[in-house]
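**Student:** need coordinates for the following:
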Amino acid sequence: MDIIKSKIQQVPRLLEELDIDLWMVFVRETAVTNDPVMSLVVGYEVVWPSFFLYTCSGETIAIIGSIDQADFQRSGYFTEIIPYDEGVADVIKETLTKLNPKSIAINYSKDNPSADGLTHGMYHLLRDYLVGTQFIDKLISAEEICSKLRSRKSDVEIENISKAAELACQAWDNVIPQLKTGMTEKEVSDLVASEIESLGYTISFPTIVNTGDKTLPGHGTPTDAVIEPGEILHIDFGVNYKGYCSDLQRLVYFKKPEESDVPDEVLKVFELIKNIILESAKMCKPGKIGLTIDSYARKVLKDNGYPEYKHALGHQLGQYVHDGGALIGPQWERYGKSPNIPLEIGNVFTLELEVTLENIGHISLEEDVVIENQGARFLSPRQTELVVL
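**Tutor:** Alright, predicted model coming up:
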């Protein structure tokens, strides 16, 4: 089934569950400022101010500029299409009067960027349209709608993310034989992109490469730092498949000429990180709180004498690499209430953490999982052995 049509079909039950009469998506010039939900429940860009209305009874109404109506008429996504020419204010007021909702959810959120598509200027414009009506006092946040709709992945969405993860693993297998000391981080990044392109796909985000501890882990771009013997090569990368993203981290250790084996500390940390991810996945069951799972991972690291990682253990995956909603993370200010949102069947998460060893590098793994009744299922083969070159 068409993904947008399937997501639209989820909306009425979701609105009923949340006791919300109407969800209203208000946008304009989406090529410039796009609301993240457009790719979920709209499907086409617009130029003029436009409203997309979804009711708990299943009505889907598009109020759009006449210049934008052709694709919407062909799509079959909307039960009613109302084009306009000169202005939209009277049209939206008339439509709301007919629907007479007791609550109107609009896309703003303090905690979830994927639910915060209504700009400050558009919010004021909306209030201008509704001034003098009862509806101006019925506006509420659509954060829960956006979060749950995006997080509750359909079978097709899960298949797409799984395929994206499998393709990333395939590309990585092709990259490994080409790696050698003397290569720069930039060259490794280019190699990853080339192998993904050779499979017919694109990267889901700019590839991150760290050789040794010469560069900081995180979201920095690859540098001219060179791989040297005795270092860990750490790669954070993913594939975009049909608009859905994977996000994996993989490791290689380059032995020194005099080494017969990998240093014990490297193997100890690799096994520790691998096992924390495995045990965390077992804990990822419907109804579990991400904060609890993240706390477990931090405690195991601390009990083994290593410092905490400076990020969440897991973020959601989907059309975006950071797909919003529930988080498997700590109760830090920057995460708001996200770590306390219960996990649900169909949520897709990363599980990732690291330890940095001085002069050796960042030992960090990341796997993609989907929440099921008995725990999280890995969407692609895990890295269970340290690659040694």
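
**Student:** show me where the stretch 51-200 of the chain has helices.
**Tutor:** 69-75, 89-99, 120-130, 143-151, 155-175, 185-198 (DSSP state H, counting those that start in this stretch).

**Student:** will you turn the ones you listed into JSON lines that also has mean neighbour count and distance to residue 383?
**Tutor:** Where C-beta positions appear, they are placed from N, C-alpha and C, glycine not excepted. Converted to JSON lines, these look like this (neighbours: other CB atoms under 10 Å; distance: least, CB to CB, whole Å):
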{"stretch": "helix 69-75", "mean neighbour count": "14", "distance to residue 383": "42"}
{"stretch": "helix 89-99", "mean neighbour count": "16", "distance to residue 383": "52"}
{"stretch": "helix 120-130", "mean neighbour count": "15", "distance to residue 383": "44"}
{"stretch": "helix 143-151", "mean neighbour count": "23", "distance to residue 383": "26"}
{"stretch": "helix 155-175", "mean neighbour count": "20", "distance to residue 383": "9"}
{"stretch": "helix 185-198", "mean neighbour count": "18", "distance to residue 383": "15"}
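
**Student:** touching, residue 237 and residue 201? I think so.
**Tutor:** No: contact criterion CB atoms under 8 Å: residue 237 and residue 201 do not qualify, at 11.8 Å.

**Student:** any idea how far residue 145 is from residue 228?
**Tutor:** 51 Å (CB to CB, to the nearest Å).

**Student:** ah, wrong one, I meant residue 329
**Tutor:** Residue 329 is 22 Å from residue 145, by CB to CB.

**Student:** check residue 182 too.
**Tutor:** Relative to residue 145, and taking CB to CB, residue 182 is found at 52 Å.

**Student:** I'd say residue 147 and residue 116 touch.
**Tutor:** No: assessed by CB under 8 Å, residue 147 is found out of contact with residue 116, at 10.8 Å.

**Student:** what is in contact with those two at once?
**Tutor:** residue 109 (CB atoms under 8 Å, 6 or more residues apart in numbering).

**Student:** and residue 237 and residue 201? which has more neighbours close in?
**Tutor:** Comparing residue 237 with residue 201 by other CB atoms under 10 Å, the one with more neighbours is residue 237, at 27 against 19.

**Student:** nearest spatial neighbour of the more buried one, skipping sequence neighbours?
**Tutor:** Nearest residue to residue 237, sequence neighbours excluded (CB to CB, 6 or more residues apart in numbering): residue 207, at 4.4 Å.

**Student:** I'd like to know how many residues surround the one you found.
**Tutor:** 21.

**Student:** let me see the mean pLDDT of stretch 135-151.
**Tutor:** Averaged across stretch 135-151, the pLDDT comes to 97.

**Student:** for residue 314, give me its contacts.
**Tutor:** Residue 314 neighbours (CB under 8 Å, 6+ apart): 280, 284, 290, 293-294, 327-329, 349-352, 369.

**Student:** now list the buried members of those residues.
**Tutor:** 280, 284, 290, 293-294, 327-329, 349-352, 369 (16 or more other CB atoms under 10 Å).

**Student:** now these as TSV including secondary structure and pLDDT?
**Tutor:** TSV is the format used below for the buried ones among the contacts of residue 314 (DSSP: H, G, I helix; E, B strand; the rest coil; pLDDT from 0 to 100):
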residue	secondary structure	pLDDT
280	helix	98
284	coil	98
290	helix	98
293	helix	98
294	helix	98
327	coil	97
328	strand	98
329	coil	98
349	strand	98
350	strand	98
351	strand	98
352	strand	98
369	strand	98
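
**Student:** going by distance to residue 359, which of those wins?
**Tutor:** residue 352 (22.9 Å; CB to CB).

**Student:** that closest one pairs with what?
**Tutor:** With DSSP bridges as the criterion, the beta-bridge partners of residue 352 are residue 366.

**Student:** contacts only, for it.
**Tutor:** Residue 352 touches 249, 277, 311, 313, 314, 364, 365, 366, 367, counting by CB under 8 Å, 6+ apart.

**Student:** quick one: residue 72 from residue 12, how far?
**Tutor:** To residue 12, residue 72 is 20 Å away according to CB to CB.

**Student:** hmm, back to that, farthest pair within the contacts of residue 352?
**Tutor:** Distance extremes for the contacts of residue 352: the farthest pair is 311 and 367 at 15.3 Å, using CB to CB.
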